[in-house]
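>>> just coords:
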């Protein structure tokens, strides 16, 4: 019986709890990523990242009592690589309280990452406001 071998990536990007530090992973792989092309970046990430771009193997209910900085640490690799493009191109689309309550940890982490790291202050404010709406709806 054949077993698929999983690439585990560089040990420098692993944290003590077994998650991947995607900021480090992106820096290690930057020559293969295109910050202006999320689709191209996604294709590379899904083939080469140990967790297909996620910071961990599981999806969890995000904790509204954690800080925006704590959430941002779990952003996926495509968001970390392309946050400027995604922050400009993607409108935060939270239309109802129901959608606020159903976001998984990666979606919240990606929102937090753009809110903290985007170069445009207005974009950061918009994404921070959406993060705060999510937090308020889930406390």
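Good, I have the coordinates. None of these values were measured; they are calculated from a predicted model. Residues are numbered from 1 along each chain as shown.
>>> what's the pLDDT at the nearest residue to residue 82 once chain neighbours are set aside?
Leaving aside its sequence neighbours, residue 82 sits nearest to residue 38 (Cβ to Cβ, 6 or more residues apart in numbering; 4.6 Å). Just so you know, the C-beta spots here come from the backbone N, C-alpha and C atoms, and that holds for glycine as well. Here, the pLDDT recorded for residue 38 equals 92.
>>> what number of residues lie near residue 38?
Using other Cβ atoms under 10 Å, residue 38 has 20 neighbouring residues.
>>> now it: how far from residue 53?
11 Å (Cβ to Cβ, to the nearest Å).
>>> Are there residues contacting both of those two? Which ones?
residue 78 (Cβ atoms under 8 Å, 6 or more residues apart in numbering).
>>> counting contacts, what elements does the longest helix along the chain pack onto?
The longest helix of the chain (DSSP state H) is helix 121-138. Contact partners of helix 121-138 among helices and strands, from 3 or more Cβ pairs under 8 Å, 6 or more residues apart in numbering; DSSP states H and E: helix 68-72, helix 77-89, helix 97-101, helix 105-117.
>>> quick one: that helix to helix 77-89, angle?
110 degrees (axes from the mean of the first three to the mean of the last three Cα atoms, to 10 degrees).
>>> Which residues does helix 121-138 contact?
Applying Cβ under 8 Å, 6+ apart, the contact partners of helix 121-138 are 62, 64, 68, 71, 87-88, 92, 94, 97, 100-101, 103, 108, 111-112, 114-116, 118.
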